[in-house]
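Chemist: Pasting the sequence and the predicted coordinates here, then a few questions.
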Amino acid sequence: MIQIIPAIIVKNFKQLDEKIALVKDYCNFVQVDITDGEFTHNTTWPYVGDNGEYAQLATEEVGLPFWEEVDYEFHLMIEKPEETVSEWIKMGASRIIIQIESTEKMQEIIDLCKATSVEVGIALKPATDIELLTPYIEDISCIQCMGNAELGRHGAPLDVSVLEKIQILREKYPDMTIAIDIGVHADTAGSLIDAGVDTLIAGSAIFDAENIAEAIENLRQG
């Protein structure tokens, strides 16, 4: 079955709570996009709008919203994610997604996550060489293809060149979970699934819909 994961971009912790509340009854996993304004142009919580919640979560004083009902994956679109990944793990991440272009210490990150039983996924932009995945492929749980090089915001169009990349990855790694993020909506879901993805990560297609449950089901059906 195709998995649908809502992509959540927020400017403060209150928005995170509000958005999780909208989707928690329809999805087992949510992906929270974290951008620092350096690796991407956009800046999200906790690099803006933080009122102490980040420190409280990292020291386990409080829990993530609805943490008993949904699993969290954090997509770290930040420079040097190795410097903060341990804090995201402490917050209760089930999976960490790392942009392969953002670090020279991918194995260090993978080893840290594995030591704490947290899954790791590697994300790559449309133009990034898939051969960069080779040293890590046995240690990761998913590959996340980005549907556009413009990261960190909702509504970017799908770069159709990613379809060929997905097909190649599916042939090369037939048992790997392959996800697509950016450009995922009702008009593209079918072609993305046909190309070989088994996980659709969608933001505006879900949160801008009048009926969220229906929007998620439409994506699942392709």
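Modeler: Cool, got the structure.
Chemist: Look at the closest residue in space to residue 155 that isn't next to it in sequence and report its pLDDT.
Modeler: Excluding the flanking residues, the one nearest residue 155 by C-beta to C-beta, 6 or more residues apart in numbering is residue 204, at 5.0 Å. Yep, even glycine has a C-beta here, placed from its N, CA and C like the rest. Listed pLDDT for residue 204 reads 94.
Chemist: cool, and residue 146?
Modeler: For residue 146, the model assigns a pLDDT of 97.
Chemist: what's the distance between residue 170 and residue 19?
Modeler: Distance, residue 170 to residue 19, using C-beta to C-beta, to the nearest Å: 30 Å.
Chemist: These two - which one has more neighbours?
Modeler: More neighbours surround residue 19 than the other of residue 170 and residue 19, with 21 against 17 (other C-beta atoms under 10 Å).
Chemist: Bridged to the residue nearest to that one when sequence neighbours are not counted, which residues?
Modeler: Nearest residue to residue 19, sequence neighbours excluded (C-beta to C-beta, 6+ apart): residue 8, at 4.9 Å. Under the criterion DSSP bridges, residue 8 forms beta bridges with residue 32.
Chemist: Just give me the neighbour total for residue 8.
Modeler: 23.
Chemist: my read: the residue nearest to residue 155 touches residue 154, true?
Modeler: Yes: with contact defined as C-beta atoms under 8 Å, residue 204 counts as touching residue 154 (4.2 Å).
Chemist: ranges for the helices of this protein?
Modeler: Taking DSSP state H as the criterion, the chain carries its helices at 13-23, 53-58, 85-90, 106-115, 161-172, 189-195, 204-207, 212-221.
Chemist: any idea how far the residue in the chain sticking out farthest from the centre is from residue 34?
Modeler: Distance from the C-alpha centroid of the chain, by C-alpha atoms, centre = their mean, peaks at residue 61 (24.7 Å). Computed as C-beta to C-beta, the residue 61 to residue 34 distance reads 20 Å.
Chemist: Please apply the same query to residue 180.
Modeler: In this view, residue 180 and residue 34 are 19 Å apart by C-beta to C-beta.
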